[in-house]
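A.B. asks: sequence first, then the predicted structure, then my questions.
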Amino acid sequence: MQSEQKQVVMGSLYEPHEVEYIDDEQQYLHSWRLAIVISLLFFGQLLMALDVNIINVAIPEISTRFQSLDDVAWYGSAYLLTITAFQPSFGTIYRYFNIDIAYKTCIIIFEVGSTMCAAATSSKMFIVGRAIAGFGAAGVLQGALAVIMQVVELQKRPLYMGVVISVFAVTVCVGPVLGGLFTQKATWRWCFWINLPIGGVVLVLLFLFLKVPGTQNSSRSLPVSAKLRRFDPLGCSLFIGAVTCVLLALQWGGQSLPWNSATVIGLLVGFCALICVFGYVQWKAQDRATIPLRVLRRRNIWTSAIVLFLTQATLYLLSFYIPFYFQTVRGEGPIQVGVRFIPMMLPEILALVAVGALATHYGYYVPYIVFGEIICVTGLVLLTRLSPTTQTLYWAASMVVTGIGMGIAMQLPYTAIQVTLEEEDVPIGNAIAVFSSQLGGAIAIAMGQTIVLNTLVHDVPAAIPSLSGRLVMAAGAADLRRIAGSAGIEAILRAIWNKAIVRTMYLAVALTASAIPFTMAMQWLNATKVAKERKAGTWNGGNQDDETNKGKNDALGSSKEVVSSTIT
């Protein structure tokens with residue numbers, strides 16, 4: 001292989017020039033350097049993942065401190081809006097600019113937002129801090145995926161992606177415990193101060209060890225003026241507006257405002273109108289679009305996006321409502337809830353890493369995603385049988401099965417995107433994937449809240465006329481005993497809460513099961529073969545049906561071999 005390759009790139013916005021491609025041996029990291037970079041990416045994701053899971057416990061205390069009950073919805077919405085709406089924008093940034101500089105900048109922005117939240121003297125300052133932190137976090141996960149793309153060989157990426165993404169399983173368990181400890185034993189502000197030492201150490205080590213040369217492709221080699229012209233400000237503005245409308249409608253609908261209110265209906269109509277205009281603008285812009293349609297039309301891209309939407313929706317439902325089962329139905333504290341999550345968290349982490357290793361060895365990814373989704377559905381069906389008196393062995397076994405299935409299925413769609421797209425288009429594919437997963441989580445939580453609220457509003461007055469469903473929901477776990485007044489009424493309220501949570505588990509079953517046909521529709525490509533074909537210059541982009549069918553047949557045989565060897 002030649003140590004240096006050159007390609008002449010032509011374009012209407014800039015003059016023809018040579019683009020230098022770095023040899024694989026120079027570009028990819030190995031040994032201890034790779035181990036350090038992957039560890040730093042893991043802790044970089046820890047910042048974002050911990051922030052998502054630690055705040056829920058602290059919100060009641062924060063609203064009391066600022067005497068701002070009316071602003072509570074914005075404590076979550078401000079972060080959710082920016083982390084979701086700016087995903088395509090960061091896809092453009094990682095496509096055209098230096099990856100490691102962009103990634104470090106995102107962490108710094110996140111740290112600034114966390115500092116504002118920790119030092120907030122008013123509710124407005126806290127909300128602005130949450131929005132800034134969300135903006136920085138929008139580029140953190142994409143940045144990790146982009147770094148892995150640059151420093152890890154294609155066929156080995158599933159393993160290292162699994163290691164980095166496993167942090168989300170860790171924080172589901174650790175986040176609520178830390179939030180409870182800080183709120184009860186110290187101050188809620190430590191939920192945000194904790195990001196500073198972690199982020200500081202990560203940043204210092206990133207500046208020391210993370211040097212991503214990157215492939216100087218036709219996008220990154222553009223002049224700065226041409227890059228800025230390709231940012232598609234109109235498309236970005238329309239997309240941010242559309243996402244803002246739909247997320248606000250989901251946050252307010254059925255909670256602070258009825259679904260048939262003029263505000264919620266107007267937001268939904270605005271979303272539909274803006275997304276239609278956005279689609280037209282993207283079609284006209286072609287390759288200069290924020291989300292080029294030639295990328296979105298690729299079968300592996302839109303199917304992976306839908307699978308991530310559905311599986312992440314399930315993950316968010318579990319992480320949001322299983323704690324309610326332990327706290328509100330069983331009357332356990334935040335620390336105990338964290339311990340109760342271990343049967344789901346530990347198998348999920350192990351499955352993430354194990355399936356990454358298997359996909360790295362055998363090359364195929366679709367069989368594992370389908371296998372994981374089937375296992376996850378089985379575990380979720382078991383969770384629909386939860387009750388206030390469910391024995392530990394049953395709920396723990398159900399969570400183990402669910403965690404294994406979720407761990408197998410949740411990260412391999414990212415591999416499908418990286419296998420399918422050329423290097424310069426991968427940041428756009430990552431942006432689509434991360435946006436889909438974030439939006440799936442946001443919609444799932446809103447749907448879950450509607451299910452829970454409707455159950456409480458309908459069942460509580462029927463069983464206890466002196467109480468309202470909204471009062472019971474607002475009381476949550478902390479004040480349920482106080483508003484009940486007696487052990488008998490408290491038992492009735494816990495049973496109604498259990499019914500509401502079980503209904504969210506039925507939603508989770510439907511979401512995960514719906515992901516299976518879209519997973520089956522993916523191209524059954526082999527990452528190892530694709531990597532070899534790209535090196536040899538024979539890669540056809542995975543567009544030919546005969547290659548897909550051949551890969552599907554090979555993968556079926558490979559998956560049988562893996563299952564057989566695993567059982568043995």
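C.D. replies: Good, I have the coordinates.
A.B. asks: count of neighbours near Gly134?
C.D. replies: Here the neighbour count serves as a burial measure; for Gly134 (other C-beta atoms under 10 Å) it reads 27. For every residue, glycine as well, the C-beta is placed using N, CA and C.
A.B. asks: so it is in which element?
C.D. replies: With elements delineated by DSSP states H and E, Gly134 resides in helix 123-138, which encompasses its position.
A.B. asks: low pLDDT regions in the stretch 1-150 of the chain?
C.D. replies: Counting by pLDDT under 70, the stretch 1-150 of the chain contains low-confidence residues at 1-27, 57, 60, 68-73.
A.B. asks: go ahead and confirm Phe86 touches Ala137.
C.D. replies: No - the pair formed by Phe86 and Ala137 falls short of the contact definition of C-beta atoms under 8 Å, at 9.4 Å.
A.B. asks: give me the common contacts of the two.
C.D. replies: Residues touching both Phe86 and Ala137 (C-beta atoms under 8 Å, 6 or more residues apart in numbering): there are none.
A.B. asks: domain-wise, how is this protein divided?
C.D. replies: According to automatic domain parsing, the chain is divided into the following domains: 18-231, 233-289, 295-568.
A.B. asks: now do the same end-to-end measure for the shortest one.
C.D. replies: By C-alpha to C-alpha, to the nearest Å, the extent of domain 233-289 from end to end equals 9 Å.
A.B. asks: now it: mean pLDDT?
C.D. replies: When pLDDT is averaged over domain 233-289, the result is 86.
A.B. asks: how far is that domain from where the chain is centred?
C.D. replies: Offset of domain 233-289 from its chain centre (C-alpha atoms, centre = their mean, to the nearest Å): 20 Å.
A.B. asks: again with the last one
C.D. replies: Here domain 295-568 shows a centroid-to-chain-centroid distance of 11 Å under the convention C-alpha atoms, centre = their mean.
A.B. asks: so who does the closest residue to Phe43 other than its chain neighbours touch?
C.D. replies: By the measure of C-beta to C-beta, 6 or more residues apart in numbering, the closest residue to Phe43 outside its immediate chain neighbours is Val202, 5.0 Å from it. Going by C-beta under 8 Å, 6+ apart, Val202 touches Leu40, Phe43, Gly44, Leu47, Ile107.
A.B. asks: list the contacts for the last one?
C.D. replies: Looking back up the chat, that one is Ile107. Listed by C-beta under 8 Å, 6+ apart, the contact partners of Ile107 are Gly44, Leu47, Gly136, Val140, Gly199, Val202, Leu203, Leu206.
A.B. asks: take the contacts of Val202 and write them to a markdown table, including secondary structure.
C.D. replies: Formatted as a markdown table, the contacts of Val202 follow (DSSP: H, G, I helix; E, B strand; the rest coil):
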| residue | secondary structure |
| --- | --- |
| Leu40 | helix |
| Phe43 | helix |
| Gly44 | helix |
| Leu47 | helix |
| Ile107 | helix |
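A.B. asks: in those residues, which residue is surrounded by the most others?
C.D. replies: Across the contacts of Val202, the neighbour count under other C-beta under 10 Å reaches its highest value at Gly44, namely 29 neighbours.
A.B. asks: from Arg494, how far out is the residue nearest to it when sequence neighbours are not counted?
C.D. replies: Once its chain neighbours are removed from consideration, Gly44 has its nearest residue in Val202; the separation is 5.4 Å (C-beta to C-beta, 6+ apart). In this structure, Val202 lies at 42 Å from Arg494, with C-beta to C-beta, to the nearest Å as the measure.
A.B. asks: got the buried residues for whichever helix or strand Ala102 is part of?
C.D. replies: Applying DSSP H and E as the criterion places Ala102 in helix 99-118. Neighbour counts using 16 or more other C-beta atoms under 10 Å place 99-100, 102-107, 109-118 of helix 99-118 among the buried residues.
A.B. asks: tell me the angle it makes with helix 123-138.
C.D. replies: Computed by axes from the mean of the first three to the mean of the last three C-alpha atoms, to 10 degrees, the angle separating helix 99-118 from helix 123-138 equals 160 degrees.
A.B. asks: alright, that wraps it up for me.
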